[in-house]
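**Student:** I would like the atomic coordinates for the input below:
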Amino acid sequence: MSRSSEDVLLQVAQVKYKKYEGILFVMSERIGWMPGSKSNFSVAHKYTEIKSQKISPEGKSKIQLQIVLHDGNSTTFHFVNTGGQGAQVADRDKVKEKLVELLPMFKRKINKELEEKNKTLSDNPALLQLYKDLVITQIITAEEFWANHAAEYIKQKQAVKQEVGVAGSFLAEIKPQADGANGLKYNLTPDIIESIFKTYPAVKRKHTDNVPNKLSEQEFWTKFFQSHYFHRDRVHAQGTKDLFTECARDDDKSIKKQLETGVNETLADITSFSDSTLAIGFGGVVDTVTNAASQNIVHQNIIKRFNQHSIMVMETASHPSVNDENIETQPAPVPVNSRKRILEKATFDDLGAPDAKKPAPLTLSRLERYFTGPTPAASQDYLTQDELHKSRLNLQQELKVWTAQRNPSVLSSSAAVSVLGDLSPGGAMMVGSRQDLLAEQCPLSVQSDLRHLYSSVCELIRHFWDAFPPTSPELAEKARKMHETLQKFQAMKVRPFETEVERRYSAGGGHITQHINMMLESAYKKYTTWINRKR
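**Tutor:** A predicted model of the protein is given here:
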């Protein structure tokens, strides 16, 4: 690949690879080595493929840099600058420091992708079992698995993506640690950076303007935490300027707008910046913003910063896509009765007494019967005592006849025992019951393995039949690959399972996987017919 197609961050000449001298290029996404007489890279590794780097120990005659890959392979570069060992060490250190800066950025991307894939597998046991059956046994590669068999799960996960809000205490979670050299080290996660950008759009604009054109990511956040803007609750000298001076001015403009327009929360007094705990009428004087002479400016700045921070956090929740330029165009909020809102928040329906049950209404179809009461029966057809006695005698006679005819003597006892023996497992009439006997002998673990086998083979066969009819070269290639995958699966998973069942339990393990083999044979027959037609 031509060197002009990518951004070259560092170029070091006089570097040997396998006794051939060339030029080493450190680019934005990969590192490559090019022989001096060629215009293409003979060796190139993406940063996502690099696991670590190693350097030769001090005092060794050869100044080398070794690139260790995730697959276990490694590449060694030998620096042979004619300026001597000092110049060789300097060239090696330049490459090493540049890689130290670049590799963590790509390692975070890899770790994030691996975390998402691991979470997808843990949330879907069927997909995890399919991964074990296909990828771990090397029937298919991991790339083919995630591209074909796990694509639907990833789409479902992306479809249910929810916007994450900003925590009010996200700045307190940034806890600096001493680095041992009179400095502080801040550990910033992507979530914290995103929260800072959402809450303070001015900082996001500064980041867009300066990174990576003027400053690196690390330099930008170092200036941010060193700035007077981050420590603006302290008293600084007048005329102090840094990269974030304009951000403080934008925040002051924003808080003034909020003071003029007010906020929806009527119980929040954002115009008060005093630290007095005495209310009006109790002997205390409540200072206002205009009475600056009687206030501690540090306390003012802290309270103002808290109010500003809370307002910006609430703005990100209510207007996630609104910035500070179009706040003026928003309609004025409708006044809300604060007492009514407090009662609504403090009253819980599930804790209140249940509503009284309403009595069931009385529905009458014939009112005259309800008002007149019961009436005597119109019919007087009653049985006499003699008729009742005669009926009872007839019923007894019928029961005697039915009892005698109920159990006719069809088989003798000896014949019944003989038939029962023939129909029992192992009897003369149960020669073809080998499959049922095998199914009864298999424990639950074998049945579970069989279910997993069915799940995997059905997934593979589904993709195989999706490629038919192969009307395009892509479908034809998919049919060929799936045919090879089915053959590998049958040889590496189905056959060993049959052998294990026959060895541990009884002969005839192939009967358990008979339906699986039928599905596979049907797919093979379809593929063979299609190949013969092409010829």
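**Student:** only C-alpha atoms for contact and neighbour calcs from this point on.
**Tutor:** Will do.
**Student:** Which helix or which strand is home to the residue lying farthest from the centre of the chain?
**Tutor:** Relative to the centre of the chain, the most outlying C-alpha is that of D386, 86.4 Å out, by CA atoms, centre = their mean. Element membership for D386, per DSSP states H and E: helix 385-406.
**Student:** helices and strands around that helix, which ones?
**Tutor:** Helix 385-406 sits against no helix or strand, with contacts defined as 3 or more CA pairs under 8 Å, 6 or more residues apart in numbering; DSSP states H and E.
**Student:** What's the mean pLDDT across that helix?
**Tutor:** Helix 385-406 comes out with an average pLDDT of 88.
**Student:** Can you show me the CA trace of the following helix or strand past that helix as CSV?
**Tutor:** Per DSSP H and E, the first helix or strand lying C-terminal to helix 385-406 is helix 413-423. Below are the C-alpha coordinates for helix 413-423, written out as CSV (Å, rounded to 0.1, in the frame of the first residue of the first chain):
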residue,chain,number,x,y,z
SER,A,413,-54.8,-66.1,33.9
SER,A,414,-52.0,-68.1,32.3
ALA,A,415,-52.7,-66.6,28.8
ALA,A,416,-52.7,-63.1,30.3
VAL,A,417,-49.4,-63.6,32.0
SER,A,418,-47.9,-64.9,28.8
VAL,A,419,-49.1,-61.9,26.7
LEU,A,420,-47.8,-59.5,29.4
GLY,A,421,-44.3,-61.2,29.1
ASP,A,422,-44.3,-61.0,25.3
LEU,A,423,-45.1,-57.2,25.4
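**Student:** Against which helices or strands is helix 413-423 packed?
**Tutor:** Using 3+ CA pairs under 8 Å, 6+ apart, helix 413-423 sits against no helix or strand.
**Student:** pretty sure K54 is in a strand, no?
**Tutor:** Yes - counting by DSSP: H, G, I helix; E, B strand; the rest coil, K54 falls inside a strand.
**Student:** Please report the distance of the nearest residue to it once chain neighbours are set aside from V313.
**Tutor:** Leaving aside its chain neighbours, K54 sits nearest to Q66 (4.9 Å; criterion: CA to CA, 6 or more residues apart in numbering). Note on Q66: its distance to V313, by CA to CA, to the nearest Å, is 48 Å.
**Student:** Mind checking which of those two has more residues around it?
**Tutor:** V313 (22 against 16; other CA atoms under 10 Å).
**Student:** Doesn't the residue nearest to K54 belong to a strand?
**Tutor:** Yes - counting by three-state DSSP, Q66 is located in a strand.
**Student:** Show me the beta-bridge partners of it.
**Tutor:** K54, T76 (DSSP bridges).
**Student:** quick one, what contacts it?
**Tutor:** 53-55, 74-77 (CA atoms under 8 Å, 6 or more residues apart in numbering).
**Student:** Considering those, which possesses the most neighbours?
**Tutor:** Using other CA under 10 Å as the neighbour test, the contacts of Q66 are led by F77, with 20 neighbours.
**Student:** just to revisit the earlier point, what residues sit buried inside the helix holding D386?
**Tutor:** Across helix 385-406, burial judged by 16 or more other CA atoms under 10 Å covers no residue at all.
**Student:** How about stretch 189-196?
**Tutor:** 192, 195-196.
**Student:** Just those: which are in helices?
**Tutor:** Among these, the residues falling in helices (DSSP state H) are 192, 195-196.
**Student:** just the helices in the stretch 1-150 of the chain please.
**Tutor:** Using DSSP state H, counting those that start in this stretch, the helices of the stretch 1-150 of the chain run over 85-123, 125-131, 142-144.
**Student:** Looking at the ones you listed, which is nearest to N210?
**Tutor:** helix 85-123 (18.0 Å; CA to CA).
**Student:** what packs against the closest one?
**Tutor:** strand 8-17, strand 63-69, strand 74-79, helix 125-131.
**Student:** wait, which of the ones you listed is closest to K256?
**Tutor:** So among the helices and strands packed on helix 85-123, strand 8-17 is nearest, using CA to CA, at 45.5 Å.
**Student:** partners of the closest one in the sheet?
**Tutor:** If you go by DSSP bridges, strand 8-17 pairs up with strand 20-27 (antiparallel), strand 74-79 (antiparallel).
**Student:** mind checking how far the first one is from the chain centre?
**Tutor:** Read it as strand 20-27. Averaged C-alpha coordinates place strand 20-27 at 40 Å from its chain's average position (CA atoms, centre = their mean, to the nearest Å).
**Student:** Report the angle between that strand and helix 85-123.
**Tutor:** Put simply, strand 20-27 runs at 50 degrees to helix 85-123, going by axes from the mean of the first three to the mean of the last three CA atoms, to 10 degrees.
**Student:** How about the helix or strand harbouring P496, which residues are buried there?
**Tutor:** In this structure, P496 sits in helix 495-504 according to DSSP H and E. Residues of helix 495-504 classed as buried by neighbour count (16+ other CA under 10 Å): 497-498, 501.
**Student:** which of those lies closest to T137?
**Tutor:** Looking across the buried residues of helix 495-504 and measuring by CA to CA, the closest to T137 is F497, at 13.9 Å.
**Student:** And the pLDDT at the closest one?
**Tutor:** So, for F497, pLDDT stands at 86.
**Student:** mind listing the helices for the stretch 301-450 of the chain?
**Tutor:** According to DSSP H, counting those that start in this stretch, the stretch 301-450 of the chain carries its helices in the segments 338-346, 367-372, 385-406, 413-423, 434-441, 444-466.
**Student:** Out of those helices, which gets nearest to Q138?
**Tutor:** helix 444-466 (13.9 Å).
**Student:** Could you write out the alpha-carbon coordinates of that closest one in CSV?
**Tutor:** The C-alpha trace of helix 444-466 is given here as CSV (Å, rounded to 0.1, in the frame of the first residue of the first chain):
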residue,chain,number,x,y,z
LEU,A,444,-30.6,-36.2,31.5
SER,A,445,-27.0,-35.1,30.6
VAL,A,446,-27.1,-36.9,27.2
GLN,A,447,-30.6,-35.5,26.5
SER,A,448,-29.2,-32.0,27.2
ASP,A,449,-26.3,-32.6,24.8
LEU,A,450,-28.8,-33.8,22.2
ARG,A,451,-30.8,-30.7,22.5
HIS,A,452,-27.7,-28.5,22.1
LEU,A,453,-26.8,-30.6,19.0
TYR,A,454,-30.2,-30.0,17.6
SER,A,455,-30.0,-26.3,18.2
SER,A,456,-26.7,-25.9,16.5
VAL,A,457,-27.5,-28.1,13.5
CYS,A,458,-30.8,-26.3,12.9
GLU,A,459,-29.0,-22.9,12.9
LEU,A,460,-26.5,-24.2,10.4
ILE,A,461,-29.2,-25.8,8.2
ARG,A,462,-31.3,-22.6,8.3
HIS,A,463,-28.4,-20.6,6.8
PHE,A,464,-27.8,-23.3,4.3
TRP,A,465,-31.3,-23.3,2.9
ASP,A,466,-31.3,-19.4,3.0
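**Student:** what's next to it, contact-wise?
**Tutor:** Helix 444-466 has contacts (CA under 8 Å, 6+ apart) with 126, 129-130, 133-134, 149, 478-479, 482-483, 485-486, 489, 493-494, 516, 519-520, 523.
**Student:** for stretch 470-486, same thing?
**Tutor:** 139-140, 457, 460-461, 463-464, 467-469, 520, 523-524, 527.
**Student:** re earlier: please render the helices and strands packed on helix 85-123 as CSV that adds mean pLDDT and distance to K390 to the earlier fields.
**Tutor:** Below are these laid out as CSV (pLDDT from 0 to 100; distance: least, CA to CA, whole Å):
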stretch, mean pLDDT, distance to K390
strand 8-17, 89, 117
strand 63-69, 89, 104
strand 74-79, 90, 109
helix 125-131, 81, 73
